[in-house]
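Colleague: make a model of this:
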Amino acid sequence: MSDYSATLDTLKGLVPEELLNPRVGIICGSGLSGLPASLKQSVLVSYDQLPGFVQSTVPGHKSSLAFGLMGSGAGVPVVAMLGRFHPYEGHKLSSVVYPVRVMAKLGVKDIIITNAAGALNPELVVGTIVVVHDHIALPNLTGMNPLLGPQTDLSLPRFLPLSNTYSRLLRKLVFQAAHDLSIERDALAEGTYAWVSGPTYETPAEGRFLRAAGADVVGMSTVPEVLAAREEGMNVLVLSLVTNAVVIPSGYKSVRDEFEAEIAGTLTNPGVDDVVSHEEVLSLGRLKGDLMKSLVEKVLEFIPSDA
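Modeller: Predicted coordinates for the structure are as follows:
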């Protein structure tokens, strides 16, 4: 059993009472942490002030919890993670999902999780926002599941069903928001997210494997938080911003043929392997960050208080 009282007591001393009962939680992905600019009455609490929180070490991720009001009118009370935790940083899975459980203790009922992802589906162009409707989590299937071990709360389900993980209502609200904002239809898509542990990007063979398994996008985060949120009874929405195409060539150019052409003096086009960089991910995240924020703001206006 876990005790969150120290974290909650610390927040009570740092955050005004009117902001301490957020209705919606938000987790910001790479390049999408400019959220405080959209918050009214915003209060930022550094992770190093909060018992149980670790530090995000990934470029493009901050390390603060933001409280405030978001959306038109009076606004919806929200709490947002500006920087998430990943197992590849060396954090335990219990630490990765700890902030989600704190959100639950604060009363959050709906959580919006964003991430940067690579496209496996060749029909998804860079810049597309994918509304996730399912996931494939190889780490979960091979013993790296955040729900392994003693339960944090015996009132929570021991065997969690995942066939209804991603809220149909919240997904539908994304398309309603896009319609109201006059966002072009092909700017959004629906798809399946594959979680891999990272921190390496996928090899071409791994990319083919995940594509063949039915995944549309792939990333190194999100699923642990999703599982904790569902265990805590939250409604979950995940938005994946396609920041790069996974390198999946149709075949391999023969190095033997290249060598033989080279010694024969007939080599005209030496092979070059494509690569993906984190800088590319961050750049696209910054470019599309405003669109993502506008979409999230509009969705918040539509979420019923009893969703």
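Colleague: wait, what's in contact with residue 69?
Modeller: 19, 39-41, 75-78 (Cβ atoms under 8 Å, 6 or more residues apart in numbering). Yep, even glycine has a C-beta here, placed from its N, CA and C like the rest.
Colleague: try 10 Å
Modeller: 18-19, 22, 38-42, 75-78, 300 (Cβ atoms under 10 Å, 6 or more residues apart in numbering).
Colleague: quick one: the strands in the stretch 101-250 of the chain, in order.
Modeller: Along the stretch 101-250 of the chain, counting by DSSP state E, counting those that start in this stretch, strands occupy 110-119, 129-137, 188-195, 217-219, 235-245.
Colleague: would you mind writing the CA trace of the last one as CSV?
Modeller: This points to strand 235-245. Written as CSV, here are the backbone C-alpha positions of strand 235-245 (Å, rounded to 0.1, in the frame of the first residue of the first chain):
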residue,chain,number,x,y,z
ASN,A,235,-11.4,8.3,-18.4
VAL,A,236,-8.4,8.4,-20.7
LEU,A,237,-7.6,10.3,-23.9
VAL,A,238,-4.3,10.0,-25.7
LEU,A,239,-3.1,12.3,-28.5
SER,A,240,0.0,11.3,-30.4
LEU,A,241,1.8,13.9,-32.5
VAL,A,242,3.6,12.3,-35.4
THR,A,243,7.0,13.9,-35.4
ASN,A,244,8.9,11.6,-37.7
ALA,A,245,8.5,8.5,-39.9
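Colleague: tell me which other helices or strands it touches.
Modeller: strand 24-28, strand 110-119, strand 129-137, helix 168-180, strand 188-195, strand 217-219, helix 223-231, helix 278-302 (3 or more Cβ pairs under 10 Å, 6 or more residues apart in numbering; DSSP states H and E).
Colleague: so which of these gets nearest residue 152?
Modeller: Nearest to residue 152, of all the helices and strands packed on strand 235-245, is helix 223-231, at 8.2 Å by Cβ to Cβ.
Colleague: restricted to helices, list the contacts of residue 69.
Modeller: Among the contacts of residue 69, DSSP state H puts residue 300 in helices.
Colleague: which of the contacts of residue 69 ranks first by neighbour count?
Modeller: Tallying neighbours with other Cβ atoms under 10 Å puts residue 78 at the head of the contacts of residue 69, with 28 neighbours.
Colleague: look up how far residue 177 lies from that residue.
Modeller: 15 Å (Cβ to Cβ, to the nearest Å).
Colleague: for residue 303, same thing?
Modeller: 10 Å.
Colleague: now residue 92
Modeller: 35 Å.
Colleague: of those two, give the one with the bigger neighbour count.
Modeller: When residue 92 and residue 177 are compared for neighbours, residue 177 comes out ahead with 20 against 12, by other Cβ under 10 Å.
Colleague: which regions of the chain sit below the pLDDT cut-off?
Modeller: 1-2, 30-33, 58-61, 271-272, 276-278, 280-282, 284-285, 287, 306-307 (pLDDT under 70).
Colleague: just give me the residue right at the centre of it.
Modeller: residue 115 (3.2 Å; Cα atoms, centre = their mean).
Colleague: how much space is there between the closest residue to that one other than its chain neighbours and residue 202?
Modeller: The shortest distance from residue 115 to any non-neighbouring residue, by Cβ to Cβ, 6 or more residues apart in numbering, is to residue 29 (3.8 Å). Taking Cβ to Cβ as the measure, residue 29 falls 18 Å from residue 202.
Colleague: who has more neighbours out of those two?
Modeller: Between residue 29 and residue 202, counting by other Cβ under 10 Å, residue 29 is the more crowded of the two (29 against 21).
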